[in-house]
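Undergrad: next input, structure requested:
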Amino acid sequence: MLNVRNLFFQYETKQILEDISFSVNKGEMIGILGPNGSGKTTLMKVISGILTPRVGQVEIKGTSIDQYKTKELAKVVAVLSQHVNESFSYTVREIVSLGRYAHQSGLFQSWTSKDEEVITRVMKQTGVFVYQDKSIHALSGGEKQRVYLAQALAQEPEILLLDEPTNHLDLSYQKELLDSLREWSREEGLTIVCIFHDLNLAGLYCDRLLLLHDGKVEVDAPPSDVLQEKRVKRIYKTNVKSTFHPSRPASQIALVPRELERKKVQIDTTAITITSERVEMKAPFPLYTLSSGVTGAGMGWYKNFVNRHVDKTYCCEDYQKDMDNYLLQNGFSPQETVGMMTAVHTEDATYQLLERADFSVMIVVTGGVGNAVDAAKTNEHSSSLNPGTINIWIFVNGKLSEQAFLQSAITATEAKAAVLRDRKTKDMETGTIATGTSTDSISVAATQVGTYLEFAGTITALGKCIAEGVYHCLTTSLDKRDRRLAAK
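TA: Residues are numbered from 1 along each chain as shown. This is a model prediction of the structure:
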C-alpha cells in the first residue's frame with residue numbers, strides 16, 4: 001500500500017533524513033517513534049507529499065506520489081497534522097465537510113446525500129456530532145483534535161497519516177480513538193501511519209514500530225522487539241525499565257525517576273505488632289512486594305502488612321470486600337496493604353531478623369497444621385477452602401531482581417515443606433506427610449535499596465537466610481501452638 005525507498009531529505013545543508021526505507025501493507029497500523037529531532041514529522045511530510053525528497057521515492061499503491069494529482073491523492077491519503085490553521089471561525093460541520101472536497105466533481109461541485117451521510121457518520125464516530133453547529137474556536141484542544149480527525153476520515157482515505165493524534169486528549173478519548181483506529185484497520189482495511197511520542201500507546205496499539213534516530217531507521221519491527229530496555233535507554237538517553245502490560249501481550253516502558261537521597265532505614269522487628277486479633281508490620285516507606293494475599297495480591301508497592309485472625313468457621317462470599325472493610329475500620333488503606341487471613345492464634349506468630357554483611361532478612365510466620373495437605377494427593381480432598389494456617393512474610397533489606405522474588409517464594413515453600421516433613425505432620429485424609437495447608441499465603445517484600453541480590457535459590461546467600469529463617473520461625477510457631485494446646 002505504501003512504499004518508501006532510499007529516502008534522503010535535507011533543509012539547506014542539514015541532513016534530516018538519510019536512506020529511509022520501509023513499507024506498510026493494507027490494513028496495517030505502524031507507529032513512528034524517535035526522540036525530538038529524529039526526523040519523524042519531516043518523514044510524515046515527505047510521505048504526504050508536502051515536502052519533496054532530495055533522493056528516493058514514495059509510492060502509494062504502486063504509483064509514485066509525484067504522479068498523483070492533488071484531488072486524486074486526497075482520495076487515497078488523509079493527513080491529520082499536529083498544528084492546524086484556525087484563521088476562520090468555521091463551524092464543526094463546515095470543517096468536517098471540507099474533507100469531502102476531493103470527492104466533489106463537476107463545475108459546481110454539488111453536495112450529495114452520500115456526502116451528508118459520510119460527514120454525519122464520521123462526526124458520530126469521533127464524538128463531535130453534538131458540537132456540529134458550534135464554532136471551532138469554542139472547543140477545547142481535545143475537541144478540536146477530534147474535529148480534524150473527523151475531517152480526515154470524511155475523505156474516506158485508504159491511508160491515514162497521523163501526527164500525534166492523542167495530543168490534547170484525555171485518557172478516555174485516547175483509548176476510544178486508538179481503539180477505533182485499530183478497529184478500522186482490522187475491519188475496513190484502513191492503512192494507518194502514526195507518529196507517537198508515547199511509547200506505551202504505540203506498543204499497545206501498533207502492529208509494527210519504526211524507530212528513528214538521527215534521521216535514520218534504527219529498527220523496524222514488532223513492538224516487543226523495538227521496545228527493549230537497553231535500546232530505549234540508548235536512543236532516548238534516559239533511565240527506563242521495560243515491563244509488560246498486565247492484560248495484553250504488549251511491551252511497556254516505565255520511566256525511572258532520579259532517586260533522591262533518602263535516609264537509610266532498615267526493616268526490623270521493631271515494626272512488628274502482635275495481638276490476639278492480628279499480626280501487623282508497618283514499614284516507614286512502601287516496599288516492592290510479591291504477594292498471594294487477599295488484598296495486595298500480585299506485584300506492587302505496599303507499606304502495611306496485616307495477618308488477620310478469623311475463626312476456623314469463617315465463611316464469607318465476598319471475602320475481599322470483607323477484608324477491605326476490616327482494614328479501613330482499623331486504619332489501614334487497602335491500596336497500601338497486603339492483607340492475609342489465618343485461623344491460627346496470632347499470638348503463636350514468630351519472627352526473626354537474620355543479618356549479613358551487606359543485607360538482612362526478616363521472617364514472620366504464623367503456623368498451624370489443622371488442615372494439613374499433601375500436595376501430591378490433593379485429588380483425594382474436597383475443594384472447600386478453609387482460612388489459611390501457614391502464612392509467611394519475608395522482608396529483605398536489599399534490592400531484589402524479579403527472579404529473586406520468585407526464587408525467595410520457592411525457597412520459603414521448600415523450607416516450609418521440610419519443617420512438616422521433619423515433624424512428621426500428616427495429611428489426615430491420606431495419611432501421607434503433608435507439604436503445607438490448603439490455603440497458605442506468602443509475601444516477599446524488599447526495600448529495593450542497597451545491595452543488589454539477583455538470586456535467592458537455596459544455595460545463595462539470600463536463599464540460605466530465607467530457608468534458615470522460615471524453618472526456625474515455622475518450627476517455633478508450631479511449638480508454641482503445641483504448648484498452648486497441651487496446656488488446655
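Undergrad: CA only for contacts and neighbour counts going forward, please
TA: Noted.
Undergrad: look up the closest residue to T41, ignoring the ones flanking it.
TA: Of all residues beyond its chain neighbours, the one nearest T41 is D163 (7.2 Å), with distances taken as Cα to Cα, 6 or more residues apart in numbering.
Undergrad: so what's that neighbour up against?
TA: If you count contacts by Cα atoms under 8 Å, 6 or more residues apart in numbering, D163 has them with 41, 44, 80-82, 194-196.
Undergrad: just the buried ones from those?
TA: 41, 44, 80-81, 194-196 (16 or more other Cα atoms under 10 Å).
Undergrad: pLDDT averaged over the longest helix out of those in the chain - what is it?
TA: Of all segments of type helix in the chain, defined using DSSP state H, the longest is helix 461-486. Mean pLDDT, computed over helix 461-486, is 95.
Undergrad: below-threshold pLDDT in the protein: ranges please.
TA: Across the chain, the ranges flagged by pLDDT under 70 are 82-87, 105-109, 260-263, 380-388.
Undergrad: domain-wise, how is it divided?
TA: Using automatic domain parsing, the domain ranges for the chain come out as 2-255, 269-486.
Undergrad: rewinding a little: tell me the one of the buried ones among the contacts of D163 nearest A357?
TA: Sorting these by how near they are to A357, with Cα to Cα, puts F196 at the top with 47.3 Å.
Undergrad: phi and psi next, for that closest one.
TA: The phi and psi values for F196, taken as degrees, to the nearest 10, are phi -120, psi 140.
Undergrad: quick check: it vs V46, distance?
TA: When distances are taken as Cα to Cα, to the nearest Å, F196 and V46 turn out to be 17 Å apart.
Undergrad: same check on N167?
TA: Noted for N167: a distance of 21 Å to V46, by Cα to Cα.
Undergrad: kindly report the same for E336.
TA: In this structure, E336 lies at 51 Å from V46, with Cα to Cα as the measure.
Undergrad: higher neighbour count, these two?
TA: Applying other Cα atoms under 10 Å to E336 and V46 shows that V46 carries more neighbours, namely 20 against 17.
Undergrad: the more buried one touches T52, doesn't it?
TA: Yes - contact criterion Cα atoms under 8 Å: V46 and T52 qualify, at 5.9 Å.
Undergrad: what about Q145, how many residues nearby?
TA: 25.
Undergrad: any buried residues in stretch 471-480, and which?
TA: In stretch 471-480, residues buried by neighbour count (16+ other Cα under 10 Å) are 471-478, 480.
Undergrad: quick check, distance from it to the centre of its chain.
TA: Relative to the chain's own centre, stretch 471-480 is displaced by 39 Å; criterion: Cα atoms, centre = their mean, to the nearest Å.
Undergrad: equivalent analysis for stretch 141-161, please.
TA: 28 Å.
Undergrad: residue contacts, V219?
TA: Going by Cα under 8 Å, 6+ apart, V219 touches 209-212, 226.
Undergrad: kindly recompute the last result at 10 Å.
TA: Applying Cα atoms under 10 Å, 6 or more residues apart in numbering, we find V219 in contact with 209-213, 225-226, 231.
Undergrad: please pull up the helix or strand immediately following the helix or strand where it lies.
TA: If you go by DSSP states H and E, V219 is part of strand 216-221. Moving toward the C-terminus from strand 216-221, the next helix or strand (DSSP H and E) is helix 223-226.
Undergrad: show me what the closest residue in space to V279 that isn't next to it in sequence bridges to in the sheet.
TA: Among residues not flanking V279 along the chain, N307 sits closest, at 5.0 Å (Cα to Cα, 6+ apart). When bridges are assigned using DSSP bridges, the partners listed for N307 are V279, M340.
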